[in-house]
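Undergrad: can't give you the sequence, but here's the structure:
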């Protein structure tokens, strides 16, 4: 089994943000993180999951995603994303990321497990450290999906 721990952070929400992802398979470990100059916590929570799944090289191995984000876990476990998709994501946020997530979900069929954040789960805490450090790094790139959505909203 592959276990993917994820976390997102945003300073200001919206503000500088980042994600942290830890992938575990047998004795292998891979850590991923990246920061953005203007984004939201929910975007970073979802992007952490996406980046973890995108890093997988093999199919057919059970994948469990461990997240402290009720937004992400509930959207998948309760099937909300499929209703959102049927309705063309009308009035939903983070559409670009949900559209990026769906093919990965169909490919890997991950299960989700929610954990309480900041409650001593070692790998969740590590993801938080990675996400915060990424959000605090310098010369952060744009979260293009977020900034484009904000720009489009200002036009109307």
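TA: Yep, it's here. Computed from a predicted model, the values in this text were never measured in an experiment. Numbers count the residues shown, from 1 in each chain.
Undergrad: all contacts plus neighbour counts: C-alpha atoms, from now on.
TA: Noted.
Undergrad: need the residues that contact stretch 50-64.
TA: With contact meaning Cα atoms under 8 Å, 6 or more residues apart in numbering, stretch 50-64 is reached by 1-4, 6, 21-23, 32, 97, 100-101, 104, 107-113.
Undergrad: if we use 6 Å, what do you get?
TA: 1, 2, 3, 101, 110, 111, 112 (Cα atoms under 6 Å, 6 or more residues apart in numbering).
Undergrad: which two of those have the greatest separation?
TA: Farthest apart among the contacts of stretch 50-64 by Cα to Cα are 1 and 101. That separation is 20.0 Å.
Undergrad: so for those two, which sits in the more crowded spot?
TA: Using other Cα atoms under 10 Å as the criterion, residue 1 and residue 101 rank with residue 101 on top: 19 against 11.
Undergrad: and that one, helix, strand or coil?
TA: Using DSSP: H, G, I helix; E, B strand; the rest coil, the three-state assignment for residue 101 comes out as helix.
Undergrad: how about the contacts made by it?
TA: So residue 101 contacts residue 50 (Cα under 6 Å, 6+ apart).
Undergrad: also the one 3 residues further on?
TA: With contacts defined as Cα under 6 Å, 6+ apart, residue 104 is in contact with no residue.
Undergrad: quick one: buried ones out of the contacts of stretch 50-64?
TA: 2, 3, 101, 110, 112 (16 or more other Cα atoms under 10 Å).
Undergrad: tell me, what residue is most central in the protein?
TA: Residue closest to the average C-alpha location in the chain (Cα atoms, centre = their mean): residue 46, at 2.3 Å.
Undergrad: tell me the SS of that residue?
TA: Going by three-state DSSP: residue 46 is helix.
Undergrad: now do the strands in the protein.
TA: Assigned by DSSP state E, the chain shows strands spanning 2-11, 15-25, 28-39, 63-67, 111-114.
Undergrad: which of these sits closest to residue 74?
TA: Nearest of these (Cα to Cα): strand 111-114, 8.8 Å.
Undergrad: given the closest one, what are its sheet partners and their directions?
TA: Strand 111-114 sits in its sheet next to strand 63-67 (parallel), going by DSSP bridges.
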